[in-house]
Structures are given as structure tokens and as C-alpha cells.
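The following comprises the amino acid sequence and a computationally predicted model.
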Amino acid sequence: MNPLIKVIIPAYNEQDSIIHVINDIPSIVDEVIVISNNSTDNTEVNAKNAGATVLSENRKGYGYACLKGMEYISIKNEKPDIVVFLDGDYSDYPEQLTELIAPIINDNIDFVIGARVQRLREKGSMTPQQIFGNWLATTLMKLFFGAKFTDLGPFRAIKYDKLLALNMEDKTYGWTVEMQLKALKQKLTYTEIPMKYRNRIGVSKVSGTVKGSILAGIKILGWIFKYSFK
């Protein structure tokens, strides 16, 4: 029996990329849920036209958008087996979703990160501050928790029941690292799959700005230090 898979895509002003993202998602996915996070362009219309379920979350923040998607899933009668998180900027390769979920289906792994490894990354697709931030966060997680993570990649898959048990709460930049830290604390089985990564369509709202980079860095480090003393 095939697993039921739902994809959550937070999107803020991604009108030029969202159609490509949705169109490249493999047909094994049951539902694509796009959460428009205060978008002021045609993101919502374009996502609907591409066949996605579109929700609106006016409180700005990556975590807010992801939580809205989870809230929507929670009130549906049929619950998914696997939830996949994917960005709406077309920097990831949505067709690689089948590779991402393979360890869950074949090896009963709980949680899989799509790792943006250097050899598969398009030049310029990650900013120096992103690369450094990833290195610092994963190094600290290795130091404090013995983690084997190499990336905080947003393209990730997790069993739905395990996701619920994490009690996710971060509303903004700390969502990805919170998930990884809680997965470690709850001793979930996890792995990384090397993923291709390309230059996004449009301008990044986090790594593309100094303020965004600093705030994201503070949030990520805050989560790590908070958990290291628990």
C-alpha cells in the first residue's frame, strides 16, 4: 500500500517560481499545500491554478506558515503517513522528493533532510552567510548532541506521527533547527540525502538581507543553546 504524502510549501511573494515548484512535484503526492505568508503578488492565484491547496497566513514568519499547514492537515479526516516540507523559490529540485522519502518507505527511517552538498550546488545558490551558518549550527549540534547533520536544508520529510510528537513551536527562522534538535532529543532515526540545489527565482527574504541573516543566526543559535542546557 502506497503511503499518503502531503507537501507543505511556505511562500512569500513567489509568483514567478511557485508554478514550477508545484509542477515538478511527483504525482505520488496526495496533496500540495501552499501557505501564502502575507504575499502581495500573484502567488496565491498561480498556486491555485497549478493545482495546489492554498491557505493564507498573515503573520509573517516561516514557522507560522508551516504551523498553518500542519493545522490544516490536523482537521482533515485522512491523515498522511509522510509530510514533506519544501520551499517555494525553486532552489530545490521537487522531483527529488522520491529520493527524499525513500529511506522512510524502504528503511523505516523517521526523518530525512535533503542536504545541499557542495558538489551538487549551483555556484552562488547559497550565500557565504548561509554556508557559514549551516556549518556553525551543525558543528554545534555535533558537539553538544553527537548529531550527524551537515545541513539545515528546508527540503525535508518526516513521518506525520513523529512530526506531531515534536510539538513544533518556532514561528520564524528557527523552524528547521528546532525540528532537528527535537528529533535528536526524541531519538528519532534520521538520515540525510544529498540534493541538487540551484539559484532561486527572485530574491531571498532571509539570506538576501543582512538583517534577515543576523536574525536567523540569532534564532538558530538560541535554539541550540537552549537545548544544550535541557
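Okay, I see it. Residues are numbered from 1 along each chain as shown.

tell me the phi and psi of Phe111?
phi -150, psi 130 (degrees, to the nearest 10).

Compute the number of surrounding residues for the residue nearest to it when sequence neighbours are not counted.
Sequence neighbours aside, Tyr190 is the residue nearest to Phe111 in space, at 4.2 Å (criterion: CB to CB, 6 or more residues apart in numbering). To be clear about C-beta, it is placed using only N, CA and C from the backbone, and glycine gets the same treatment. Neighbourhood size, Tyr190 [other CB atoms under 10 Å]: 20.

which helices and strands does the least confident helix or strand in the chain by mean pLDDT pack with?
When each helix and strand of the chain is scored by mean pLDDT, DSSP states H and E, helix 210-228 comes last, with a mean of 74. Applying 3 or more CB pairs under 8 Å, 6 or more residues apart in numbering; DSSP states H and E, one finds that helix 210-228 contacts helix 128-145, helix 175-185.

Closest to the centroid, which residue in the protein?
Pro154 (3.0 Å; CA atoms, centre = their mean).

Which parts of the protein are strands?
With strands called from DSSP state E, the chain shows them at 5-11, 31-36, 53-56, 82-85, 111-115, 156-159, 190-194.

between those strands, which one is nearest to Gly146?
Nearest to Gly146, of all these, is strand 190-194, at 12.3 Å by CB to CB.

Name the surrounding residues that touch the closest one.
For strand 190-194, the surrounding residues in contact (CB atoms under 8 Å, 6 or more residues apart in numbering) are 96, 99-100, 102-103, 109-115, 117, 119-120, 148-151, 153, 183.

Give me the below-cutoff pLDDT ranges for this protein.
Residue ranges of the chain with pLDDT under 70: 204-213, 229-230.

for Gln15, what are its contacts?
Neighbours of Gln15 in contact, by CB under 8 Å, 6+ apart: 39, 41-43, 45-46.

So which of the residues you listed is the closest to Ile9?
So of those, ranked by how close each gets to Ile9 (CB to CB), first place is Thr43, at 10.1 Å.

isn't the closest one right up against Ser36?
Yes - Thr43 is within contact range of Ser36, at 5.3 Å (criterion: CB atoms under 8 Å).

Show the end-to-end separation of stretch 158-177, please.
Stretch 158-177 has an end-to-end distance of 14 Å (criterion: CA to CA, to the nearest Å).

Which strand residues bridge Ile193?
Gly114 (DSSP bridges).

What is the neighbour count of the closest residue to Lys79 other than its chain neighbours?
Distances taken as CB to CB, 6+ apart put Tyr160 closest to Lys79, at 5.9 Å, once the chain neighbours are dropped. Neighbourhood size, Tyr160 [other CB under 10 Å]: 19.

my guess is Tyr160 meets Glu78, correct?
No - applying CB under 8 Å, one finds Tyr160 not in contact with Glu78, separated by 10.9 Å.

Give me the distance between Asn13 and Asp41.
Distance of Asn13 to Asp41, given as CB to CB, to the nearest Å: 5 Å.

Same question for Gly63.
Applying CB to CB, the value for Gly63 to Asp41 is 22 Å.
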